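Novice: With the sequence up front, the predicted model follows.
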Amino acid sequence: MTAAGWLYTRRQQLRWDAVRARSLRYQLPELDSLHHARFEDAIRELMRRDGCTNAVRVGGGGDLGADVKATDPYGRRWVIQCKHRRNGLAGSPVGSPDLQVLNGTARPVHGAEVAVIIINGRVTAPAVTFAKQQRLHVVDRQTLGIWASGARPLGELLQAVPPPRKPTTLS
């Protein structure tokens with residue numbers, strides 16, 4: 001294959017990859033059935049679908065409260081902690097201690113401008129109160145379902161996301 005043929009094939013592959021990424025969708029039962037590490041992979045892929053081409057999964061032991069890191073098309077740095085409950089709503093709720101870990105590391109350690117915890121189950125009322133006080137975003141089961149279905153990008157579903165850092169064609 002010539003260099004021109006290889007380049008054409010590569011460009012076509014990138015176009016098709018972009019089309020597939022834009023059409024990525026999950027239903028909540030599908031997310032519930034995933035292993036927690038695959039749940040983190042799904043969140044990374046959804047961030048990529050939203051235009052965060054550098055989204056990476058960093059979760060695992062010693063992740064310091066970050067399972068997925070990404071920079072959105074507006075230049076904002078996202079740090080996401082994922083909490084997967086095998087039984088979805090029937091699983092144990094996520095409480096304040098998980099949000100305290102995110103709060104203690106997202107901005108000072110990982111440089112987050114948008115700190116998010118994504119939960120496929122329930123979250124306690126004190127955890128929601130703490131999140132609001134600390135400018136943390138809680139993506140609960142309902143919001144996760146809307147986002148994963150492809151209805152809207154996550155940044156549009158959250159309240160009080162910092163303004164874009166760099167000008168775009170949208171601004």
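Specialist: Looks like it arrived, so ask away.
Novice: Output the below-cut-off pLDDT ranges for this structure.
Specialist: In the predicted model, the chain carries pLDDT under 70 at residues 1, 3-22, 166-171.
Novice: Between the two ends of stretch 59-70, what distance do you get?
Specialist: End-to-end distance of stretch 59-70: 13 Å, with Cα to Cα, to the nearest Å as the criterion.
Novice: likewise stretch 96-115?
Specialist: 15 Å.
Novice: again with stretch 54-67
Specialist: Stretch 54-67 stretches 14 Å from its first residue to its last (Cα to Cα).
Novice: Excluding chain neighbours, what is closest to Asp67?
Specialist: In space, not counting the residues next to it along the chain, Asp67 is nearest to Gly59; the distance is 3.4 Å by Cβ to Cβ, 6 or more residues apart in numbering. From N, CA and C alone the C-beta is placed, and that goes for glycine too.
Novice: Okay, the one you found and Ala106: tell me how far apart.
Specialist: Taking Cβ to Cβ, to the nearest Å as the measure, Gly59 and Ala106 are separated by 14 Å.
Novice: could you pull out the strands for the chain?
Specialist: With DSSP state E as the definition, the chain shows strands at residue ranges 56-57, 68-71, 77-83, 114-119, 137-139.
Novice: that older thread, please say which of Gly59 and Ala106 ends up with more neighbours.
Specialist: For Gly59 and Ala106, the more surrounded residue by other Cβ atoms under 10 Å is Ala106, and the numbers stand at 29 against 22.
Novice: The more buried one contacts Ile117, doesn't it?
Specialist: No - counting by Cβ atoms under 8 Å, Ala106 does not reach Ile117; the two are 9.4 Å apart.
Novice: which residues do these two both contact?
Specialist: Shared between the contact lists of Ala106 and Ile117 (criterion: Cβ atoms under 8 Å, 6 or more residues apart in numbering) are residues 81, 136.
Novice: give the contact list for Asn87.
Specialist: For Asn87, the contacting residues are 32, 121, taking Cβ under 8 Å, 6+ apart as the criterion.
Novice: what do you get if the cut-off is 10 Å, keeping everything else the same?
Specialist: By Cβ atoms under 10 Å, 6 or more residues apart in numbering, Asn87 lies in contact with 32, 120-121.
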